[in-house]
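Chemist: Take a look and give me a structure for this.
(one chain, ligands or ions: 1)
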Amino acid sequence: MIPFDFKYYKPGTIEEATDIANKTLKKGKKIMYYAGGTEFISMARMHNIYTDAIIDIKGIPECNTHELKNNELTIGSTVTLTSIAEQNFFPLLSLTVERIADHTIQDKITLGGNLAGTIIYREAVLPLMVTDSDIVIANTYGKKRIPLKDIFDKRIQLQEDEMIVKVIIKEQFLSLPSIHVKRTKNEKIDYPLITIVALKDDIGINFAFSSICEYPFRSSSMENFLNDNSLPKDERIKKAIDNVPDKILNDISGSSEYRKFMFHSMLYEILTHFEEVN
Ligand SMILES: Cc1cc2nc3c(=O)[nH]c(=O)nc-3n(C[C@H](O)[C@H](O)[C@H](O)COP(=O)(O)OP(=O)(O)OC[C@H]3O[C@@H](n4cnc5c(N)ncnc54)[C@H](O)[C@@H]3O)c2cc1C
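Modeler: Alright, predicted model coming up:
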């Protein structure tokens, strides 16, 4: 049972949703946008979260868009992980979301919920990072399309009234050579020990990482080392690992020493993969 009362709204448009958010916030009350509800319900039941109002955005048509049109793939924020995998417009994203939670929960978890939620891994952001994707966010003043790299710094930087409407990926990236590698502590279905996605474009191999630090990231200095073919593979990897931008995670899934060891072997596997597909 959820141990507090809250107002439930189900707007049909973005304007209505952001208007409710704005008016409620102005009264000094807390709001939460609500998509799959998997995180909200479990955290509320455990007394880890409180809100005065829930704004359920699943009825907003633009948030449910899922189409390839005018050389761009648009995926609405309330599209579920199951639907992303089944439609499979972008195989790298499909592989990534198919390894988040289990089948039953994938049917509820949404793309926007994974990007905006509090669980630190946010693995669905990785394929968006390596494809220089854009994100559309909305508030009472309207909508804006922003490069993901300008709004995702450790987590998505949203104001209290702002919501994610959709993400946009350029078609040219969808079928480029790519790989997804996820290691867990024990079971196949689990939080990541480390997840890496990599995609090769005209310039080189782009990499994005989850569960190395406390947030997902892409690093140009690490990419420069990993793409420096003048150096032996082991040295490129060692230099890249020396340039991880923050403390390496040390938690119940694995110590930082173990993660470092596993990170080296995963990067080796990925570089070898791209040599072989060349
Ligand atoms: C059993 C289980 C296993 C999991 N395993 C993994 C894993 O291995 N890897 C991983 O990356 N994640 C994992 N997760 C996290 C999961 O992917 C999601 O982060 C999460 O459950 C939220 O998705 P949701 O759509 O249900 O969001 P909700 O519960 O509806 O919302 C979560 C938060 O996001 C905000 N939000 C949702 N949509 C929007 C939007 N459009 N705009 C702005 N804010 C929004 C809400 O306000 C709320 O704060 C797991 C979750 C569960 C329950």
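
Chemist: Can you show me the helices along the stretch 51-200 of the chain?
Modeler: 81-87, 91-97, 103-106, 111-116, 125-129, 148-151 (DSSP state H, counting those that start in this stretch).

Chemist: ok, now which ones touch the nearest residue in space to L271 that is not next to it in sequence?
Modeler: Using C-beta to C-beta, 6 or more residues apart in numbering and skipping residues adjacent in sequence, the residue nearest L271 is K233, 5.5 Å away. To be clear about C-beta, it is placed using only N, CA and C from the backbone, and glycine gets the same treatment. Going by C-beta atoms under 8 Å, 6 or more residues apart in numbering, K233 touches 268, 271-272.

Chemist: try A35
Modeler: Here A35 is in contact with 56-58, 77-78, 110, 112-113 (C-beta under 8 Å, 6+ apart).

Chemist: Tell me which of these fall in strands.
Modeler: Counting by DSSP state E, these place D56 in strands.

Chemist: so L148 sits right up against V167, yeah?
Modeler: Yes - here L148 reaches V167: they are 7.5 Å apart, a contact under C-beta atoms under 8 Å.

Chemist: Between the two, which contacts overlap?
Modeler: Going by C-beta under 8 Å, 6+ apart, residues that sit against L148 and also against V167 are 128, 133-135.

Chemist: Pick out whichever of L148 and V167 has more residues nearby.
Modeler: V167 (26 against 20; other C-beta atoms under 10 Å).

Chemist: what separates the more buried one from F274, distance-wise?
Modeler: According to C-beta to C-beta, to the nearest Å, V167 and F274 sit 25 Å apart.

Chemist: One more: L25?
Modeler: For L25 relative to F274 (C-beta to C-beta), the value is 47 Å.

Chemist: before we move on, what about H66?
Modeler: 30 Å.

Chemist: for S219, same thing?
Modeler: 18 Å.

Chemist: Also I2?
Modeler: Taking C-beta to C-beta, one finds I2 at 48 Å from F274.

Chemist: who has more neighbours, those two?
Modeler: A count of neighbours by other C-beta under 10 Å puts F274 above the other of I2 and F274, at 18 against 15.

Chemist: where does the residue nearest to L271 fall, phi/psi-wise?
Modeler: Dihedral angles of K233 (phi, psi; degrees, to the nearest 10) stand at phi -60, psi -50.

Chemist: can you narrow the contacts of A35 to ones near the ligand?
Modeler: 57, 77, 110, 112-113 (C-beta under 6 Å from any ligand atom).

Chemist: which two of those residues lie the greatest distance from each other?
Modeler: I57 and G113 (10.1 Å; C-beta to C-beta).

Chemist: Check the contact lists of these two and give me the overlap.
Modeler: 35, 77.

Chemist: okay, those two: which has more neighbours?
Modeler: I57 (28 against 25).

Chemist: Out of the contacts of K233, flag the one nearest to the ligand.
Modeler: Nearest to the ligand, judged by C-beta to the nearest ligand atom, of the contacts of K233 is Y268 at 23.4 Å.

Chemist: I'd assumed I237 was in contact with that closest one.
Modeler: Yes - between Y268 and I237 there is a contact under C-beta under 8 Å: 6.2 Å.

Chemist: Pick out whichever of these two has more residues nearby.
Modeler: Each of Y268 and I237 has its neighbours counted (other C-beta under 10 Å); I237 has more, 22 against 14.

Chemist: was I right about the more buried one contacting T272?
Modeler: No - under the criterion of C-beta under 8 Å, I237 makes no contact with T272, lying 11.0 Å away.

Chemist: can you put the ones next to the ligand among the contacts of A35 in a markdown table and add pLDDT?
Modeler: As requested, these are exported to a markdown table (pLDDT from 0 to 100):
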| residue | pLDDT |
| --- | --- |
| I57 | 98 |
| S77 | 98 |
| T110 | 98 |
| G112 | 98 |
| G113 | 98 |
